[in-house]
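Enquirer: Based on what follows, work out the 3D shape:
(4 chains)
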Number of protein chains: 2
Amino acid sequence: MELSIIDSLKAGGKKLTKARKAILAVLEKNALPITVAEVHAGLVKARTNVDLVTVYRNLAMLQELGLVNAVGFHEGQMRYEVVHGRAHHHHIQCRGCGKIIDLMLCPLKKLTKLIEEQTRFSVDGHALEFFGWCPQCR
Amino acid sequence: MELSIIDSLKAGGKKLTKARKAILAVLEKNALPITVAEVHAGLVKARTNVDLVTVYRNLAMLQELGLVNAVGFHEGQMRYEVVHGRAHHHHIQCRGCGKIIDLMLCPLKKLTKLIEEQTRFSVDGHALEFFGWCPQCR
DNA sequence: TGGTAAATGCAAGTGAGTTGCAAATGTGGT
DNA sequence: ACCACATTTGCAACTCACTTGCATTTACCA
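Expert: Next comes the predicted model:
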């Protein structure tokens, strides 16, 4: 079974602070990965004053605990999404407008085993993003 | 057939400058994707004085022409490798020492078609990197 | 060889992300 | 409920990859 968010924090010796609750709430409200600035803007809109640096520190920490997922489209900044029981998945981003869509698939399980055999690395993660043009920008 | 590097530059209205030749030479010497700073260091070592900003501008241009390939491991900087007739491939990086290895495979051709059908995007690229621990760091 | 667009170097700027430190705040034990 | 204490937060300053503006230089073509 999966640990609850609170249990995961406790298991990592972390406190359940106001900032942390608010950050997770903003992420939960967004289905797609958002930037640190967008998380911060969400906090401001929810009248929760949390410094930007606190957002950075918490996202890094939540990522280490496996509670959030970092996604990068080589935009010069990272994006984050909650894990929270969602299935492992990937994304596609439009090169025109930047729109992101979830792709509920991953073809890499078998391949990972093959890579482990061939390289002698122990593989513990991968980044897979697609790029293209959405119907509106095409 | 594939255009030569010189032909590709000409086709794009680009000049074959000393800086450009030297940058491509440094990339050709390196089998794996290297950072902009590493390209620049390679130029200095080869006694070719090219400003760092020129390296940035040329790598961006060479990427647009499809002559070099940008690879990102979410390290806060990009890496570049020459395309030059090499087969499409991906990489794995060690989380311990940062070592990178070529993976001469790509499982995404069929999947790309499927994504195009499902999302109505026209897919024109993808980023796929693996992460893990190499035998020395494990 | 000379005219011209493209390319370069330098300096200054942008913006994401980090670090140090003093003040504030959860938490677990009593 | 309170206290002790480690964790967390905010602020300010900083780092570093990358970009931009502009005057000078260079490759190319007639």
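Enquirer: Which neighbouring elements make contact with the top strand by length along chain A?
Expert: Using DSSP state E, we find that the single longest strand of chain A is strand A:122-133. Using 3 or more CB pairs under 8 Å, 6 or more residues apart in numbering or on different chains; DSSP states H and E, the elements in contact with strand A:122-133 are strand A:68-72, strand A:90-94, helix A:109-119, helix B:109-119, strand B:122-133. (Glycine included, C-beta is placed from N, CA and C.)
Enquirer: List the neighbouring strands of that strand plus their orientation.
Expert: Here strand A:122-133 is paired, per DSSP bridges, with strand A:90-94 (parallel), strand B:122-133 (antiparallel).
Enquirer: Could you check the angle the last one makes with strand B:68-72?
Expert: Angular relation of strand B:122-133 and strand B:68-72 on a 0 to 180 degree scale: 50 degrees, by axes from the mean of the first three to the mean of the last three CA atoms, to 10 degrees.
Enquirer: State the mean pLDDT of the helix or strand hosting residue A:58.
Expert: Using DSSP states H and E, residue A:58 sits within helix A:52-64. Mean per-residue pLDDT for helix A:52-64: 98.
Enquirer: what packs against it?
Expert: Counting by 3+ CB pairs under 8 Å, 6+ apart, helix A:52-64 packs on helix A:18-29, helix A:36-45, strand A:68-72, strand A:78-82.
Enquirer: Any chance of the ones you listed in a markdown table with distance to residue B:9 and mean neighbour count as columns?
Expert: Shown next, in a markdown table, are the helices and strands packed on helix A:52-64 (distance: least, CB to CB, whole Å; neighbours: other CB atoms under 10 Å in any protein chain shown):
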| stretch | distance to residue B:9 | mean neighbour count |
| --- | --- | --- |
| helix A:18-29 | 45 | 18 |
| helix A:36-45 | 38 | 16 |
| strand A:68-72 | 30 | 19 |
| strand A:78-82 | 34 | 21 |
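Enquirer: For DNA strand D, find the nearest of these.
Expert: Among those, helix A:18-29 comes nearest to DNA strand D, with 3.1 Å by CB to the nearest atom of the strand.
Enquirer: For that closest one, name the packing helices and strands.
Expert: Partner elements for helix A:18-29 (3+ CB pairs under 8 Å, 6+ apart): helix A:36-45, helix A:52-64, strand A:78-82.
Enquirer: quick one, what contacts residue A:68?
Expert: A:27, A:59, A:62, A:80, A:81, A:82, A:83 (CB atoms under 8 Å, 6 or more residues apart in numbering or on different chains).
Enquirer: Perfect, that will be all.
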